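Peer 1: predicted structure and sequence below. I'll ask about it afterward.
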Amino acid sequence: MLTEIGHVDAIFRYPVKSMGGERLEVADLGWHGIDGDRRLAFRRMEDRSGFPWLSASKLPDLVRYAPLRRDDDPDDLPTHIRTPDGKEMPVFGEELAAEVGRRYGAPVQMMQLKHGIFDEASISVIASETVNEIGRLAGRSLDVRRFRPNVLVRLLRPGVFQEDEWVGGVLTFGEGNDSPAISVTMRDVRCSMVNLDPDSASPAPEVLKAVVRANQNKAGVYGTVIRVGLVAIGQSVFVHAADEKRDVG
């Protein structure tokens, strides 16, 4: 049994990890998340850990870099990056790596991974009501881009942090039997990135403090794709409870 919980209010893709994102009207949800999402990232060349990727938690200015395309194909990966100073540099050029490495203070290298470079899972979802409540508690109006979701949902039923109820279940985008769907695997544990203004990178520590205070440092959810297809603005969003998800797909 499907329960309608809201509709798709916004869709985002982030071609380069921790850099500026793109707002989409329609996105192709594949087995490894939204096509073109986080397929590129800078590797910290001196880091030998299992997660060597440079993120804005280590270099806040990364959010001010904007991926660009020099053609009209929206599915292609970016060809250039616009720096905070307004310069445009090739994605895989030595000049861009040197620029980012100088700001970070150590050498970096741009990498491309076919299946994406994710922290926990390939798709993230948050409700606009949750963003608004965190903003209220933090005493400021928040741009949803601070939370870097792939899908923003506007809920039918008033209430905040409803995403927590979806864990273990399935979200379906659209009404058809072949509509794309994700298995909701875990709550999204937040880090200092939510403190960063997506345009200026200026910090506001009260944002993360509000998430910690209100919901144990969790806001939104992660999921894995169990049925591929197109996600579009305005689509109805349905949830299958955990004990019903065996009937999906």
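Peer 2: Right, received. Where do you want to start? Numbering: from 1, shown residues only.
Peer 1: if I look at the closest residue to Lys58 other than its chain neighbours, how far off is Val184?
Peer 2: Counting by C-beta to C-beta, 6 or more residues apart in numbering, Tyr104 is the residue found nearest to Lys58 once chain neighbours are left out, at 7.0 Å. For every residue, glycine as well, the C-beta is placed using N, CA and C. Tyr104 is 34 Å from Val184, where distance means C-beta to C-beta, to the nearest Å.
Peer 1: correct me, but the residue nearest to Lys58 touches Ser55?
Peer 2: No. Between Tyr104 and Ser55 there is no contact under C-beta atoms under 8 Å: 10.6 Å.
Peer 1: okay, these two: which has more neighbours?
Peer 2: Using other C-beta atoms under 10 Å, the more surrounded residue of Tyr104 and Ser55 is Ser55, with 20 against 16.
Peer 1: got the confidence number for the more buried one?
Peer 2: Looking at Ser55, its pLDDT reads 96.
Peer 1: from Asp119, how far off is it?
Peer 2: Relative to Asp119, and taking C-beta to C-beta, Ser55 is found at 8 Å.
Peer 1: also Val151?
Peer 2: 16 Å.
Peer 1: these two: who's more crowded?
Peer 2: Val151 (25 against 15).
Peer 1: check what pLDDT the more buried one gets.
Peer 2: 98.
Peer 1: so what's it bridging to?
Peer 2: Counting by DSSP bridges, Val151 is bridged to Ile11, Val125.
Peer 1: how far away is Val167 from Ser183?
Peer 2: 10 Å.
Peer 1: neighbour-wise, which of these two wins?
Peer 2: The neighbour comparison of Val167 against Ser183 (other C-beta under 10 Å) goes to Ser183, with 23 against 16.
Peer 1: tell me what the strand or helix carrying the more buried one is packed against?
Peer 2: Ser183 belongs to strand 181-189 when elements are defined using DSSP states H and E. Secondary-structure packing of strand 181-189 (3 or more C-beta pairs under 8 Å, 6 or more residues apart in numbering; DSSP states H and E): strand 123-127, strand 170-173, strand 218-227.
Peer 1: could you give the average pLDDT over the longest one?
Peer 2: The predicted model assigns strand 218-227 a mean pLDDT of 98.
Peer 1: quick one: distance of it to the chain centre.
Peer 2: 10 Å (C-alpha atoms, centre = their mean, to the nearest Å).
Peer 1: got the CA coordinates for the helix or strand that that strand is followed by in PDB?
Peer 2: Per DSSP H and E, the first helix or strand lying C-terminal to strand 218-227 is strand 229-232. The C-alpha trace of strand 229-232 is given here as PDB (Å, rounded to 0.1, in the frame of the first residue of the first chain):
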ATOM      1  CA  GLY A 229      13.800   6.200 -14.000                       C
ATOM      2  CA  LEU A 230      13.100   9.900 -14.300                       C
ATOM      3  CA  VAL A 231      12.600  12.100 -11.300                       C
ATOM      4  CA  ALA A 232      10.900  15.400 -12.100                       C
END
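Peer 1: I'd like the numbering to begin with 766 instead of 1 from here.
Peer 2: Happy to do that; since the first residue is 766 now, the last one works out to strand 994-997.
Peer 1: which residues sit against strand 994-997?
Peer 2: 773, 776, 790-794, 799, 916, 938-939, 943-945 (C-beta atoms under 8 Å, 6 or more residues apart in numbering).
Peer 1: among those residues, which ones are buried?
Peer 2: Among the contacts of strand 994-997, the ones that count as buried by 16 or more other C-beta atoms under 10 Å are 773, 776, 792-794, 799, 916, 938-939, 944-945.
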